[in-house]
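Next input, structure requested:
(chains A and B)
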Amino acid sequence: MTTHVEFWLNDRRIITDVPDGMLVLDYLRKDRLLTGTKEGCKEGDCGACSVLIGEVVEGVMRYLPVTSCLTPVGEMHGKHVVSIEGLNLPGKLNPVQQAMVERVGAQCGFCTPGFIVSMCWYMMAARETPTLEGFQRAFSGNLCRCTGYAAINRASLDLVADFGPGGKWASIWEAEDRLGALLEAGLLPAYFAEMPRRLSAIGEMEEVPRAEADADFFVAGGTDLYVQKGELLPRSQVKILNRHPEMKGIRQVGDRLHIGALTTFEEFGADPGVAAFIPEIQDYLRLIASLPLRNRATIAGNIINASPIGDMTAIMLALDTTLVFTQGDQTREVELKRFYKGYKTFDKRPGEIMTEMHLALPPQGTAVLFEKVSKRRCLDIATVNSGAKLRISDEGVIEEASLTVGGVAATPLWLEKTGEFLVGKSLTPELLREALKVAHTEMSPISDVRGSADYKRLLATQLLTAHFVKLAGDRVSVEAMLAG
Amino acid sequence: MTNKHIDAELHTRGTSLYVDDVPPPAGMLHAAIYGSPVAHGRVKALHLDKARKAPGVVAIYTAEDVPGENQIGPVLPDEPLLATDVVEYHGHPMAMVVAESDEDARHALTLIEADIEALEVITCPRVAHEAGHILGTPRTFAMGDTAAAFADCDIVVEGRSDVGGQEHLYLETQRARAVPTEGDRLRVYSSTQSPYAVQKACARILGLPTHRVEVDVIRLGGGFGGKEDQATSWACLAALAAHKTGRPTQLVLHRLDDLRMTGKRHPYSADYKIGLSKDGNIQAFEVKHFQNSGAKTDLSLAVLERTLFHSTNSYFIPNVRAYAASCRTNLPPNTAFRGFGGPQGMFVIESAIAHAAEVMGIDRAEIQKKNLIQEGESFPYGQQAERARAVRTWEEAEEGFEVAAWQKDIDAYNAKNTATKKGLAAMPICFGISFTATFLNQASALMHVYTDGSVSLSTGGVEMGQGLSSKLVGIAARALHISPHRIKVETTNTTRIANMSPSAASATTDLNGSATILAADELLGRFRELLARELGVQDAENITFEDERVYYRGELTEWTWEKVVSQAYLSRVALSAHAFFATPNVWFDKQRETGRPFAYHVFGTAWTEVTIDLLRGTYTVDRVRLVHDLGRTINANVDLGQIEGGLAQGIGWMTLEELAFAEDGRLSSFALSTYKVPDGDALPEDIEVRMLEDADNPVGPFGSKAVGEPPLMYGIGTFFALRAALRAAAPDAELAFNAPMTPEKVMLQLHHQRLRTLWEKAPGEATAPVAAGE
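Next comes the predicted model:
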């Protein structure tokens, strides 16, 4: 299927009928010969292909960094796609580029445009004056193999000095007209001022009406689908789910939280309602995925992908989430803990689309915790992960214990027996050790590239322990648990 | 002198060009490679009919279509470009599809089927050694009499040490574009560290004289050794397609194909035996290195040789016997990688020292320090240490970083903390500079001065991010006494520079920079003669240049660079110079395994601190502080980038970069999602690099030293820091010398004792060998 997609690419209006499933990366490099965007891995792991996607949100331009290797052109209608070329000022470097040049933050240069895009995005999006940590979070999805992280940190620090408190551009962060201030500071080319007007002028896209069953693939964030089927998608009928904003958003209805299926990891983490019961959600997100992937990956996609080590799934499973499926005007609800049937098999009927999830807001005093160990701490697939929803009374009695482990079975595992064993009992090291024995009866890890079966069992033991140590270290200390 | 990276502005604007960033010529075809689906087998049939009929397919080529010699082996002729009757590793190229688009070519690949009779697959070098699958001839370096020395030692320990390979993961995958020009001539744009190797191999497979193939290299998106020899086959395949179809053809490996089909750093397994006196003096060292070479010779024999050269790292050991064999397995041919076998050699001696220290109950650093090589002492290959700076860098690090206090802090931390433990370890390095194949130590430079005073410089060196171009600009500006802005470094091109050596062995700046100085001297010599005539003086030697001005007997004249150049042209004085440099005074006698293979050595010492989380088995590398001997730096920023970058790669190699091969020879860590290189978070934020001051190097250009490879070996310190932390946590644990020290190995070694008590074993559940991983 081809539909006319209209968007702005840098300072240029584009109307195209390339296949919906074509990647922005391929479109930039092959069709537009914009080769500053590099292909390093085509699976969202290196960030060399980072671009910004801008859209008008509540009247102002909002840009997000994404990896163009996992982002379909079909979704770009009405948006502003900014490649490295679109950030260049005529005849001079912007301050980010200047700092990277001064500090020799570029060696072979192949990753450099991606870093510049991420760093410029941070300068555009930062809510407060920039910090080194802020820059590091912004380029957390960019790999440099040469490896110039130390020099890139030095360049970031120069920018912090110039744009931070007391710096010559410190006033940017107070300016009401943020975009104007960024333009004045020479951070963005002048045409950015035109973008809100330009995008508003683009009408709704006329989508060819078509039965959903005709689609070969439903694409939401695409962060896993493109990795697995990347060569097929541009040649296939795809349905771009992100054209349906009604499937986004988080709202509270009574004592339940309703989460649109297209809600991205980043949107989930940024929601104040979520942060209220998972205060450490930002730290967890850093372990889970890089910023460009969090901007694309959806929670529903993570669940439907059915990987035994889905990180977000481990959390949603611990939260006892209910999934809502829609087909035509029929809807059906399935408990996530009953959803998986076997490796990559689950209770979803052909033609059904997950439209929403909902879960009970945990009562006061409930901790929602997440643990993950992978070879590389950040931006790696878990060897074992674990989610927990725990409530322990002041007297040390376990009132609720919803525990999950990923990576030790064919599906994400909700430890039903372990939870049952724990609830109502008083937390002690001995009790926890007994509970872990119960947990082991629920697991069946296999050896693979992420670790041996023994290692995974051991990790599961330790990560389950870690939840209790974190929540009630006075009752179950690391020392006591290691001694066992 | 400039301290910039001259490509940085282009890089930050995304306007620097790599092979497939150059706008494609009209009608360009795309090639994709069918690699063997098994690691070892006899080819019965290759079914290409369906693929030939696929949309967009122009041609499919196999070994039979190679018009010249189907052979690209750089050292030994054991590597066909396309496999014939036998495939010897998973991904071994068997056929090439050429199509109108990359998508079409890749689609056609899925329609090819191979009928292959499976043969025995060997992935372990020890098994290969046992079976006699040895490439070339095993080598032995010997000095003194180890047998006699061991008899006199107070302590003798023996053990085994294993170190994994490493994927280069240059962000720009292997690629080349070949464009037919006229009359059986080709221009090949290749992402290679060895343009001449590509030129020769293309000519060989096409059956053409070398001069018909022109190879041009703009820059590389990373090489790290992975494109020293292994860029060649892809360039040859693109050349074959262009030659046969008469159309420009590009071959860009997709990441997964690159990971699967190309060789990596060699994994090694080794047996060591070390003998010491009770006061910690190393008396004797024996080692047997089993190199996992992969299926083809590639550069393995040269890598093996460098392992032997660095078997004793920075130490003087009077009695040494080091044996090494290249063991042929069914993995992709392993190849050059920053350090070129040296790091693997160093890992073993460091393992032996750590082992001995633990047995003796003394500090590992005490043995390290006591045995550092001193001026005039001999390496096991006969060369004596000259301007030895092992002790100096050690002492400056020890004092400058207040190591004694540092260690105390760590001991105090460990006494206080039960959930986390820290470790601190020293890593001295000593790395020989020069190609150990002596003939490669040659280079040329071609310098053109245009009449406006601008300068074009061509050398045989390839810019791959190491900052060669920046250094060459600095060197040429200094040698010509003009502003760096006047100098442009050209692409590396085989028609401008013939018979060039690869950009490798850390020697690229030394060799090409020295040739550049000679070319500049040649030009200035001509200008002196011209100026003597113009000034009407006889003593041309008293004419000097500085800052684009001419001085005679120290007095400023009216002559400027531009005026001299302009006058030279009008006076018909040649404004171009070609110069040739060969490193003096290097040689090696392979019969006697002795000589003076290196122009000099690079020294340094690093200290690394780590923290282990005992509950989760995870760790952080907290800080690295090091003193490094650079000679006199030519470009301090570029050098700092090389040191920090090398260190980071070394840390990656020792910690999380784990290449996993299944028993059937298939790469299990076949994507960036399963092979992890360090991200910003994985590296210490606190890295302090001190350049050794007052450290001239008379044989390097302007007193400088090579910098590319040596810093990688500082990363080895991370392994031993992790081991120290493990020791602090579990004093009696059995710890293996088995790198990388992944979180899995940390965890399993920490909790070995608990493994069996935590759960009832499920029937049939596989148990992985603890800490002995292969």
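
mind checking pLDDT for residue 450?
Picking chain A for this. pLDDT recorded at A:Arg450 is 94.

please go with chain B instead
For B:Tyr450, the predicted pLDDT is 98.

Enumerate every residue touching it.
B:456, B:565, B:575 (CB atoms under 8 Å, 6 or more residues apart in numbering or on different chains). C-betas here are computed from N, CA, C, even on glycine.

Now do it against B:Leu575, distance only.
According to CB to CB, to the nearest Å, B:Tyr450 stands 7 Å off from B:Leu575.

Name the residues contacting each of those two.
The contact sets of B:Tyr450 and B:Leu575 overlap at B:Val565 (CB under 8 Å, 6+ apart).

I figured B:Lys421 was touching B:Asn414, is that so?
Yes. Counting by CB atoms under 8 Å, B:Lys421 touches B:Asn414, with 5.3 Å between them.

With respect to chain A, which of the contacts of B:Tyr450 is nearest?
Chain A lies nearest to B:Ser456 out of the contacts of B:Tyr450, by CB to the nearest CB, at 21.5 Å.

which ones are touching the closest residue to B:Thr459 other than its chain neighbours?
Nearest non-adjacent residue to B:Thr459, counting by CB to CB, 6 or more residues apart in numbering or on different chains: B:Asn512, 3.8 Å away. By CB under 8 Å, 6+ apart, the contact set of B:Asn512 is B:443, B:445, B:459-461, B:468, B:472, B:581.

Any residue of stretch B:228-238 touching chain A?
No. Using CB under 8 Å from any CB of the partner chain, stretch B:228-238 stays clear of chain A, coming no nearer than 14.2 Å.

Send me that stretch as CSV with only the CA atoms.
Taking C-alpha atoms only, stretch B:228-238 is exported to CSV below (Å, rounded to 0.1, in the frame of the first residue of the first chain):
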residue,chain,number,x,y,z
GLU,B,228,44.0,-4.6,7.7
ASP,B,229,43.6,-7.8,5.8
GLN,B,230,39.9,-8.5,5.9
ALA,B,231,38.7,-5.5,3.8
THR,B,232,40.4,-7.2,0.9
SER,B,233,37.9,-10.0,0.1
TRP,B,234,34.9,-7.6,-0.1
ALA,B,235,36.8,-5.2,-2.3
CYS,B,236,37.8,-8.1,-4.6
LEU,B,237,34.2,-9.3,-4.8
ALA,B,238,32.9,-5.8,-5.7
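
so A:Gly419 touches A:Leu403, yeah?
Yes. Using CB under 8 Å, A:Gly419 is in contact with A:Leu403, at 5.7 Å.

Look at those two and report which has more neighbours.
Just comparing A:Gly419 and A:Leu403: by other CB atoms under 10 Å in any protein chain shown the higher neighbour count belongs to A:Leu403, 27 against 22.

Verify the stated contact: the more buried one with A:Lys417.
No. Counting by CB under 8 Å, A:Leu403 does not reach A:Lys417; the two are 10.1 Å apart.

tell me, what's touching those two both at once?
Joint contacts of A:Leu403 and A:Lys417 (CB under 8 Å, 6+ apart) are A:Ala439.

re the thing from before, which one's more surrounded, B:Lys421 and B:Asn414?
B:Lys421 (23 against 19).

Just the contacts of B:Tyr450: which are in strands?
B:Ser456 (DSSP state E).

Can I have the buried ones of the contacts of B:Tyr450 as a ChimeraX selection?
To isolate the buried ones among the contacts of B:Tyr450 in ChimeraX, judged by 16 or more other CB atoms under 10 Å in any protein chain shown, type:
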select /B:456,565,575
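
Domains of the chain: list them as residue ranges, please.
In the absence of a named chain, chain A is used. A:5-200, A:245-360, A:366-483 (automatic domain parsing).

not what I meant, chain B
Annotated domains of chain B cover B:8-120+B:174-252, B:122-161+B:263-371, B:382-437+B:590-774, B:442-500+B:508-582 [automatic domain parsing].
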